[in-house]
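Peer 1: Structure for this input, please:
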Amino acid sequence: MNQIDFSSKSSDETNSNYYCYSIFLFVNPTSGGNKASIFTKAGMEMFKISDPVSASVYIYDIRDGTKGNKPGFLKVKKIIEKSDGSMPVYIIAAGGDGTVMWCVNELEATGINFEYVVIGVIPFGTGNDFSRALNWTTILDNPFDNGLARFRSMIQGWIKAEISEHDIWTITATVDDYGSFYKIDSYSRKKKVVNINNNNTEYNNDQYKDNEININNTLNFDIPKTSNIAKKLTFHMSNYFSVGIESRIGIGFDINRTKNASLNKFRYGIEGIKSTLKRTTAVCDLIDKCTVVVDNNETNNDTNNLANNPNKEKIIFVTDKRKKYSKNICSCINSSIDNISANQEIEEFPLTPLSSIIVEDSPPILLPCTSLIFINIPSFASGNDIWKYCKGNCGIKYKWKSKEIESMLISKQKMGDGMIECISFPSAVSIGLEMAVKGNGRRIFQGKGPIKLYFRQKNSHSTCRKVYFQVDGEYVIAYYPLYFEICYKRKIRVLLGNLGKSSSTLNIFKH
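Peer 2: Residues are numbered from 1 along each chain as shown. Below is the predicted model:
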């Protein structure tokens, strides 16, 4: 490893209050059209500084090594084991939002205790919703010029930054025995079936490289149960999970993605127009119901006396299988919500194999929509705070407006609170308008999980054949899905920037 010492000897090093910070940069050189490679091209793998603080800085290409055995993360683990735990190790992801989650996954795979690390980000690329939510928004030029003056300012910004908690969730997607998953391969830009990789169904982009299939011409409905085709995928989610037309747009975008950020934004707009003109099945015609598991504390006072069973699923919403809605669903954006008639019948749902479902007299009904978004941060599609601006807009019909719904319609979103928010959009047009005219979304739910999204099956009025979905900008097609499940996983500690200070926003770097 190339080591350079930029520090100067100081009497402070003999002081009992002296501390040397450990800062690790994990770089994805391909991010931002290869702009992030500026950190690895310099050839400085490790250096020390004493100004503005005493710090040892390590720079690693995050691609080097195998999962759970990458040299950079093994070094982090070694330093933590030797330290007294009084100060955290700084983990800085240089890349897009996916690089941040890559770091989180590698920390877990290496067996590193998350209590001893804090995670920051140097954003590269187009979307960067995670870095926007944390107020780290500026892309950097060369940080090694002028005797590391710029890099020193970056370090000062990280050390002075506020530390906050952030929730990580697990998304599990399950399809039927004759179902499958497809994704756009990052190398060939073609659709490929997702296979089980070494009996591990956790999402791994590398598993698509050697398994190219034309999804438009090939789909085997008689796949044996011993087939290598994955029936269940697990994702770790930091930002958001969504089902609907925005994910269909994302699939088209992935096929035509370029290394130019401006061209990518233009391409995304083109794909949005194409998807708007195409016929896309509304989400409310794909989903059967959405439920949340309630525990003993929530059911102690329930009129159904469910306290003895901790595995009850309470309905968040159902879909009306009988009523036909107008094609012009954009008119529903800010319209008033009509209450369900007392005589209106709701189709009963069978009990699930694992746990029974709490069925109210008239459970809420999902209003017509083309996208359903579960969001964990105040930033979606390059910086839109969709939960904040749809305050008061309700995406479900109800017979009685409960205190829970009233609270949900006015509540604020907070990172690290252990809760997730759910929003619907009535059309692709309404999502596009959100960039300029805020408040087109409609609130559906705010709370803790586990949450289950059930899809319509063969015995229902409309079988769900194909669903487009995304997890943190990773777009996937699910054929014949059974259900998606959202479960809380863990908390991590992250660095918050301050838009009012150059040391935090890193706006001292000029292009």
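
Peer 1: packing partners for the one helix or strand Phe469 maps to?
Peer 2: Taking DSSP states H and E as the criterion, the element that holds Phe469 is strand 466-471. In terms of contacts (3 or more Cβ pairs under 8 Å, 6 or more residues apart in numbering; DSSP states H and E), strand 466-471 is packed against strand 240-244, helix 245-255, strand 474-496. All C-beta atoms are positioned from the backbone trio N, CA, C, and that covers glycine.

Peer 1: ok now do Tyr19, which residues does it touch?
Peer 2: Contacts were defined as Cβ atoms under 8 Å, 6 or more residues apart in numbering; by that measure Tyr19 touches Ser54, Met87.

Peer 1: related to what we said a few turns ago, so what touches the strand holding Phe469?
Peer 2: With Cβ under 8 Å, 6+ apart as the contact definition, strand 466-471 has outside contacts at 171, 173, 203, 235, 237, 240-248, 250-251, 286, 455, 475-479, 481, 484.

Peer 1: what sits against the nearest residue to Phe24 once chain neighbours are set aside?
Peer 2: The spatial neighbour of Phe24 that comes closest, neighbours along the chain excluded (Cβ to Cβ, 6 or more residues apart in numbering), is Tyr58 at 4.8 Å. Residues near Tyr58 by Cβ under 8 Å, 6+ apart: Ser22, Ile23, Phe24, Leu25, Glu45, Met46, Gly72, Lys75.

Peer 1: same thing with Pro71?
Peer 2: Pro71 is in contact with Tyr60, Asp64, Gly65, counting by Cβ under 8 Å, 6+ apart.

Peer 1: where's it relative to Asp61, distance?
Peer 2: Between Pro71 and Asp61 the distance is 10 Å, computed by Cβ to Cβ, to the nearest Å.

Peer 1: Make TSV from the contacts of Tyr58 and add secondary structure and neighbour count to it.
Peer 2: Putting the contacts of Tyr58 into TSV (DSSP: H, G, I helix; E, B strand; the rest coil; neighbours: other Cβ atoms under 10 Å) gives the following:
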residue	secondary structure	neighbour count
Ser22	strand	20
Ile23	strand	20
Phe24	strand	22
Leu25	strand	25
Glu45	coil	17
Met46	strand	16
Gly72	helix	23
Lys75	helix	18
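
Peer 1: Out of those residues, which two are the most distant from each other?
Peer 2: The span of those, defined through Cβ to Cβ, is set by Ser22 and Glu45 at 14.4 Å.

Peer 1: what is the mean pLDDT for stretch 408-424?
Peer 2: Mean pLDDT, computed over stretch 408-424, is 95.

Peer 1: so where's the protein shaky on pLDDT?
Peer 2: Along the chain, the parts satisfying pLDDT under 70 run over 1-18, 137-141, 197-227, 252-280, 296-311, 320-361, 458-464, 499-511.

Peer 1: mind giving me the domain ranges of it?
Peer 2: Each structural domain of the chain that the record assigns through automatic domain parsing is listed here as a residue range: 3-160, 205-493.

Peer 1: residue contacts, the nearest residue to Leu74 once chain neighbours are set aside?
Peer 2: In space, Leu74 comes closest to Thr110 once its chain neighbours are excluded; the distance is 6.5 Å by Cβ to Cβ, 6+ apart. For Thr110, the contact set (Cβ under 8 Å, 6+ apart) comprises Gly68, Asn69, Lys70, Phe73, Leu74, Val76, Lys77.

Peer 1: Export the contacts of Tyr58 to CSV and append columns for distance to Ala436.
Peer 2: Compiled in CSV, the contacts of Tyr58 are given as follows (distance: Cβ to Cβ, whole Å):
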residue, distance to Ala436
Ser22, 44
Ile23, 40
Phe24, 40
Leu25, 36
Glu45, 45
Met46, 47
Gly72, 42
Lys75, 47
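
Peer 1: which phi and psi does the residue lying closest to Asn440 once chain neighbours are set aside have?
Peer 2: Distances taken as Cβ to Cβ, 6+ apart place Ser430 nearest to Asn440, at 4.0 Å, with adjacent residues excluded. According to degrees, to the nearest 10, the main-chain angles of Ser430 amount to phi -70, psi -30.

Peer 1: Report the separation between Ser430 and Gln446.
Peer 2: In this structure, Ser430 and Gln446 are separated by 20 Å, where distance is defined by Cβ to Cβ.

Peer 1: which of those two has more neighbours?
Peer 2: Of the pair Ser430 and Gln446, Ser430 is the one with more neighbours under other Cβ atoms under 10 Å, namely 22 against 19.

Peer 1: Next one: the more buried one relative to Ile444, how far apart?
Peer 2: Going from Ser430 to Ile444 by Cβ to Cβ gives 15 Å.

Peer 1: With Lys289 instead?
Peer 2: Between Lys289 and Ile444 the computed distance is 13 Å (Cβ to Cβ).

Peer 1: joint contacts of these two?
Peer 2: Residues within reach of Lys289 and of Ile444 at once, by Cβ under 8 Å, 6+ apart, are Ile316, Phe317.

Peer 1: Compare these two and say which is more crowded by neighbours.
Peer 2: Neighbours per residue, other Cβ under 10 Å: of Lys289 and Ile444, the larger number sits with Ile444, 25 against 22.

Peer 1: The more buried one is in what secondary structure piece?
Peer 2: strand 442-447.

Peer 1: How many residues are close by Tyr116?
Peer 2: Around Tyr116 sit 19 other residues, with neighbours defined as other Cβ under 10 Å.

Peer 1: now Ile184
Peer 2: Other residues near Ile184 come to 24 when the count uses other Cβ under 10 Å.

Peer 1: just Gln413 next, same as before
Peer 2: By other Cβ under 10 Å, 17 other residues sit near Gln413.

Peer 1: ok, and the closest non-adjacent residue to it?
Peer 2: Using Cβ to Cβ, 6+ apart and skipping residues adjacent in sequence, the residue nearest Gln413 is Trp387, 4.6 Å away.

Peer 1: And that neighbour, how far from Pro368?
Peer 2: When distance is defined by Cβ to Cβ, Trp387 is 20 Å away from Pro368.

Peer 1: cool, Lys448 as well?
Peer 2: Taking Cβ to Cβ as the measure, Lys448 and Pro368 are separated by 27 Å.

Peer 1: So for the two, which sits in the more crowded spot?
Peer 2: Shown here are Lys448 and Pro368; by other Cβ under 10 Å, Pro368 has more neighbours (21 against 18).

Peer 1: thought the more buried one was touching Ala282?
Peer 2: Yes. With contacts defined as Cβ atoms under 8 Å, Pro368 counts as touching Ala282 at a distance of 5.8 Å.

Peer 1: Good, wrapping up.
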